[in-house]
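> Below are the sequence and a predicted model; questions follow.
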Amino acid sequence: MDNKNILTFFIVFIFLINIFKYYDIIEPANFKSKFMINGYKKYNISYNFKKKLLFNDNKTISYVNNFNPFNSNKNCIKDITSTKLSEQNIPVPKFYIWDFSKSTDKNIDIIKSKISFPLVIKPTTGTQGKNVHVNISSTDDMYKILKKLIKLYNKKKIKNIMVEKQVYGNNYRILILHNKIIGVLKRTEPYVLGNGIDILKDLINKYNKSQKNKKLYPVYNLTDNIIFEQGYTYNSIIPLNKKVIISNTTNFHNGAKLVNIPISKIHPINIDMFLEINKILNLNLSGIDFMSKSLNIPYTMDGHVIEVNENPDMKMHNLIDNNVVNKFMKTLL
């Protein structure tokens, strides 16, 4: 093999290594993950990942469709979720589903007559906060975002578009299995701390590099307006220990920071409501995204269900609560 072929082989080899490293980061961290496998061993559970089966004491448990009934995942399409929950008096933000039989102007006129700014615009399907736009406060911004999403719709990369009222509060994820809350966490906006030397762009790059080294998610959805509102640009030198929020997409897959919430801190009426959601949507396993000032405040006073995930990422719960796998296994058995 000559030097040119050796160099080509080396470049391809490095490229493949990085692809596999990245795949390890983005793969949903559920039933085949190392921390779950350790849980199976602890509770004497055997597994067949090819057939998606778990075994214990001659009992066979299938996790096809994530322990959920067949076809129940359609209930987690965002517009269907919001419709079903609102019909049962579970609070969701006011919403509108884009009508492609109408013109863009007509749709926007309807939206403005029903929902006041600020708005959220997002696909009705999709995960990890992709193509979700928040804090939209003008018609011009709405046009720009809708133009991008309509283009994705025409390319069949998304199924529909949902516009809803922007609601505020802490961003919570509630993990439920078989009518029991397994874990609860709060996600906060990703931010960097200044050191008085580096410009913001470099601080963000260092933060993302650190996230990747820890096999966590980098911030891919930066929010320029949030940064500018704090008085900075990407070329600003950030003062020592100054906190700068770099995105208002509070999603684990967008580098959000995580805080564990003990179930004892949740108001009983909220616990009942979360469990009722699984019944309404016919789910056994779910991850509920809920926004409120506090989980200790009854949802009837404050709070909105943003969406419900039928395939929740358990990795983020395990990162901040080492007991979550034990609770999962005990509930499963």
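Here it is on my side, so go on.

> Around residue 124, count how many other residues there are.
The local packing of residue 124 (other Cβ atoms under 10 Å) involves 19 other residues. C-beta: built from backbone N, CA, C; applies to glycine.

> Contact partners for it?
Neighbouring residues of residue 124 by Cβ atoms under 8 Å, 6 or more residues apart in numbering: 77, 78, 79, 97, 158, 159, 160, 161, 162.

> Give me the nearest residue to the last one, chain neighbours excluded.
Taking Cβ to Cβ, 6 or more residues apart in numbering, and ignoring the residues beside it in sequence, residue 162 has residue 124 as its nearest neighbour in space, at 5.0 Å.

> Quick check, pLDDT for the one you found.
At residue 124, the model reports a pLDDT of 90.

> Phi first, then psi, for it.
phi -80, psi -10 (degrees, to the nearest 10).

> what does stretch 173-182 rub up against?
67, 183-185, 187, 252, 263, 266, 271, 274-275, 277-279, 283-290, 312, 314, 316-317, 324, 327-328, 331-332.

> now swap in stretch 184-192 and tell me
Here stretch 184-192 makes contact (Cβ under 8 Å, 6+ apart) with 170-175, 200, 203-204, 206-207, 219, 226, 238, 243-252, 254-263, 266, 295, 316-317, 320-321.

> Next: stretch 255-266.
In contact with stretch 255-266 (Cβ under 8 Å, 6+ apart) are residues 171-172, 181, 183-191, 207-208, 211, 216-220, 247, 249-250, 252, 271, 295-296, 316, 319-321.

> roughly how far apart are the residue nearest to residue 162 and residue 278?
20 Å (Cβ to Cβ, to the nearest Å).

> One more: residue 53?
23 Å.

> my guess is residue 282 meets residue 72, correct?
Yes: at 4.6 Å, residue 282 and residue 72 qualify as touching, with contact defined as Cβ atoms under 8 Å.

> Tell me which of those two has more neighbours.
Just comparing residue 282 and residue 72: by other Cβ under 10 Å the higher neighbour count belongs to residue 72, 18 against 15.

> what's near enough to touch that one?
65, 281, 282, 283, 310.

> The fourth one and residue 308 touch, don't they?
The one in question is residue 283. Yes: contact criterion Cβ under 8 Å: residue 283 and residue 308 qualify, at 7.3 Å.

> Please say which of the two ends up with more neighbours.
Using other Cβ under 10 Å as the criterion, residue 283 and residue 308 rank with residue 308 on top: 28 against 25.

> Please report the distance of that one from residue 146.
Relative to residue 146, and taking Cβ to Cβ, residue 308 is found at 25 Å.

> go on, residue 313?
Distance from residue 313 to residue 146, counting by Cβ to Cβ: 29 Å.

> do residue 325 as well
For residue 325, the distance to residue 146 - Cβ to Cβ - is 42 Å.

> again with residue 279
Residue 279 is 35 Å from residue 146, by Cβ to Cβ.

> okay, these two: which has more neighbours?
Per other Cβ under 10 Å, whichever of residue 279 and residue 146 has more neighbours is residue 146, with 21 against 10.
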